[in-house]
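[1] mind folding the following:
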Amino acid sequence: MSANNMCQGCHHNPGMIGQKIKGMPTSIPQSHYTDLRNTSEVQIKTPVGARYVCTQCHVPQANVQPLVGNTFQE
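    Residues are numbered from 1 along each chain as shown. Predicted coordinates for the structure are as follows:
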């Protein structure tokens, strides 16, 4: 995990993939640890480079207050 991606600070938790526990951040899904461009059989310990920029796909969909407090800083 890179210190440059603040999303991974909370969401990179491979041991929690597929589990939903109230109050815990959703884990990055297993598909993000598989390089589908080269081989779908190999899973690595950190998200593949193509999945590194979280905000490329995950953006706010409505102008509402967040459900969970956030202390993210650039």
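[2] alpha carbons only for contacts and neighbour counts from here, please
    Noted.
[3] now do the SS call for the most centrally placed residue in the chain.
    Against the mean C-alpha coordinate of the chain, by C-alpha atoms, centre = their mean, the closest residue is residue 28 at 3.7 Å. In three-state terms, and counting by DSSP: H, G, I helix; E, B strand; the rest coil, residue 28 is coil.
[4] quick one: low-confidence residue ranges for this protein.
    Low-confidence regions of the chain, defined by pLDDT under 70, span residues 1-3, 40, 74.
[5] surely the residue nearest to the centre of the chain is in contact with residue 9?
    No - the pair residue 28 / residue 9 is not scored as a contact, 10.8 Å apart, by C-alpha atoms under 8 Å.
[6] which parts of this protein are helices?
    6-11 (DSSP state H).
[7] coming back round to it: so what's the residue nearest to the centre of the chain up against?
    Applying C-alpha atoms under 8 Å, 6 or more residues apart in numbering to residue 28 gives the contacts 11-14, 17.
[8] one more time with 6 Å
    Shown here is residue 28, whose contacts under the criterion C-alpha atoms under 6 Å, 6 or more residues apart in numbering are 11-12.
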